[in-house]
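[1] Quick check, what structure comes out for this input:
(one chain, ligands or ions: 2)
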Amino acid sequence: MKTSIATVSISGTLTEKLAAISAAGYDGIEIFEQDFIAHDGSPAEVGRMVRDHGLEITMLQPFRDFECLPEPLRSKAFDRAERKFDLMQELGTDLILICSSCHPASLGGIDRAANDLNELGDRAKARGLRVGYEALAWGRHVNDHRDAWEIVRRADHDNIGLILDSFHTLGRGLSPESIRSIPGDKIFFVQLADAPAIPMDLLYWSRHFRNMPGEGDLDVRGFMQAVMAAGYSGPLSLEIFNDQFRGGNARTVAKDGYRSLITLMDDVRKAEPEVKVDLPAIPSRIGVHGVEFIEFTARGDDAGKLAGLLGSLGFVRTARHRNKDIDLWQQGEIRIVVNSDPEGHAAHVWNARGLSVCDIGLRVSSAQDTVERARALGMSPFDQPLGPGELDIPAIRGLEGSILHFIDEDSGLSRVWDVEFVPAGDETKGAGLKRIDHLAQTMSYDDMLSWTLFYSSLFDMQKSPMVDVIDPDGLVRSQIVESKGGEMRVTLNGAETHRTLAGNFLASNFGASVQHIALETDDIFATAKALADCKFEVLPIPANYYADLASRFDISPDLLARLKAANVLYDEENGRSFFQLYSRSFAGGMFFEIVQRGGGYTGFGGPNAPFRIAAQKRLGRVKGVPAA
Ligand SMILES: O=C(O)c1ccc(O)c(O)c1
Ligand SMILES: [Mg+2]
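    Numbers count the residues shown, from 1 in each chain. Ligands and ions are numbered 1, 2, ... in the order given. Model prediction:
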């Protein structure tokens, strides 16, 4: 399987793009002509530079407004094509993309287009070159891959073939099924892109909002199944026009693209085992059964404050690590590890960020398979020296310096708590917190697609549509990735400005991290009572909120009074109720949330978020902590 990416998909100069593309592991690039023209170096030098990066030029593109022109424009178009053929030979590529004409003078007509392409085919053949024809979704006369194929079929020339682009087919709502009957060798090239389902003008959507397969809402897998069933065996090339990627980190975007291609093709062969995909076998998406532990790095005063907060939440320090300065706190199924050791990953994170979550342990179907799949997707395994008697727990590097450890039943890794820890014997009665409901990770808005892809490509997790959360000082975008049964739920919050609560957390933590941890109880009022007994400091919610609640929902005065007295927020979904209460912020904006899900409520209390954020900010302002 030959992988490729159009240079337009990546930010930077041509040289920077090549370095990023090569490092990510692709086999080739489509040179977008603009990138070549903007570069100061001859075509031959560019060709050499590409090959020196271990890449090949899979195609030159785009060549516009060629077919169906009246004279004298027609002859001029052939002359232009000859000049591009010169360029191709100097660059060292044999394929050029012609996209369907948008020229106002284009006359249209399937046979006229076929004749033009046939004649161009003769000229290409004389030079050993090939021409591929692509239907732009907004082409003047040709805007459907079926018409483009009919033109190529009638052109009937060995050097003329079809180019398919998932965006142009799926973005127009066309079924890809007709592709199955096209002879595979007549498909010269396949471009892949996804896009979010936002109704808008096709051209604008395509030029600004494309994203990597799996990052959007189009059925790119269905499209690729049809392409592979046709017998296509050429390059699979990403062509992503995206405003964020143009300004993003070239290496990250290139890596994400590669990850999306491998994931896509693995999905294709698993969905349609009859098609041949030349890709080494990799484990399927990993089932996540829950969060085994959350690990904080904490030292000195901060460790003391965190211990105080955990105690006020009803947690008990149940064990201490045999060799290291690490405590284990527990309640219900929840494990919180507090790592104060001066060595290792936690120490590095402490030095870089101070008190923060430095590691997440997940219960998975197979820890070994998780690392194997992660590697295949270009993620990095993580390990650090083991102390005496410590288990070698498989781990990978997540995004932005985070670490994920994987625990499973079969390999005995779940014994780690007995093997590495000594019971501490501390006792309290707890506050009824049962399990981790979800984790919220905060990142820059520009990195959200990357995080979503990370989770959805490695794990058997689905993403929800993105929603807007209103902060008094700006907008935060929120997206959920979760396993089908809800055993693992992550909310990803993308901050656009540093003035929002999320953005401020991002700035004060030197990058993306877990901002809040939501813990589940089966009885929010009993928990609230127990927390009060533990001197837990709840986030106060204003009376206006409760007055409005009475108008939004049909709730009894008694329940309303209890909600208000306990500072519990409320939401409903098809008659199912949801309760939330919050801790005050600590460590630059982290906080705990406590939830009760009634009868299968699946949301996250989104409608309450603006009021919760305002309450958190108010508290910050009162204390004289910077308001932002
Ligand atoms: O937006 C465009 O003009 C454009 C150009 C070339 C392509 O391959 C394409 O899919 C779109
Ligand atoms: Mg295209």
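
[2] do stretch 25-38 and ligand 1 meet?
    No. Judged by Cβ under 6 Å from any ligand atom, stretch 25-38 stays clear of ligand 1, getting no closer than 8.0 Å. (C-beta placed from N, C-alpha, C; glycine too.)

[3] pLDDT (mean, whole number) over that stretch?
    Across stretch 25-38, the average pLDDT comes to 96.

[4] how far out from the middle of the chain is that stretch?
    Chain-centre distance of stretch 25-38: 24 Å, with Cα atoms, centre = their mean, to the nearest Å.

[5] do stretch 463-477 as well
    Using Cα atoms, centre = their mean, the offset of stretch 463-477 from its chain centre is 16 Å.

[6] Repeat that for stretch 175-194.
    That offset, for stretch 175-194, works out to 26 Å (Cα atoms, centre = their mean).

[7] Could you do stretch 79-90 as well?
    39 Å.

[8] for stretch 25-44, same thing?
    27 Å.

[9] Quick one: residues in contact with that stretch.
    Outside stretch 25-44, the residues within contact range by Cβ atoms under 8 Å, 6 or more residues apart in numbering are 2-8, 13-15, 17-18, 21, 46, 49-50, 55-62, 87, 90-93, 97, 191, 235, 237, 239, 254, 257-258, 378.

[10] Keep those, but drop any that are not near ligand 2.
    191, 239 (Cβ under 5 Å from the ion).

[11] So for the helix or strand where E292 lies, mean pLDDT?
    Using DSSP states H and E, E292 sits within strand 288-297. Across strand 288-297, the average pLDDT comes to 96.

[12] Give the other helices and strands that it contacts.
    With contacts taken as 3 or more Cβ pairs under 8 Å, 6 or more residues apart in numbering; DSSP states H and E, strand 288-297 sits against strand 334-339, helix 344-353, strand 356-364, strand 403-407, strand 433-444.

[13] The nearest residue to L97 once chain neighbours are set aside and ligand 1, how far apart?
    Distances taken as Cβ to Cβ, 6 or more residues apart in numbering put Q61 closest to L97, at 3.6 Å, once the chain neighbours are dropped. Distance, Q61 to ligand 1, using Cβ to the nearest ligand atom, to the nearest Å: 6 Å.

[14] Would you map out the domains in this protein?
    3-271, 288-423, 433-619 (automatic domain parsing).

[15] Can you give the distance from the longest one to the centre of its chain?
    So the one you mean is domain 3-271. For domain 3-271 - counting by Cα atoms, centre = their mean - the centre lies 24 Å from the chain centre.

[16] First residue to last residue on that domain, what's the distance there?
    20 Å (Cα to Cα, to the nearest Å).

[17] got a list of what the closest residue to ligand 1 within the stretch 401-550 of the chain touches?
    Relative to ligand 1, the nearest point of the stretch 401-550 of the chain is L449 (19.4 Å; Cβ to the nearest ligand atom). By Cβ under 8 Å, 6+ apart, the contact set of L449 is 211-212, 215, 244, 256.

[18] thinking again about what came up before, which pLDDT does the model give the residue nearest to L97?
    pLDDT recorded at Q61 is 97.

[19] For the helix or strand where it lies, buried residues please.
    If you go by DSSP H and E, Q61 is part of strand 56-63. Within strand 56-63, the residues scored as buried using 16 or more other Cβ atoms under 10 Å are 56-63.

[20] Looking at the residues you listed, which one is closest to ligand 1?
    Closest to ligand 1, out of all of these and judged by Cβ to the nearest ligand atom, is P62, at 3.7 Å.

[21] distance of whichever residue of the stretch 301-450 of the chain sits closest to ligand 2 from M443?
    Nearest residue of the stretch 301-450 of the chain to ligand 2: L449, at 19.7 Å (Cβ to the ion). Using Cβ to Cβ, to the nearest Å, L449 is found at 10 Å from M443.
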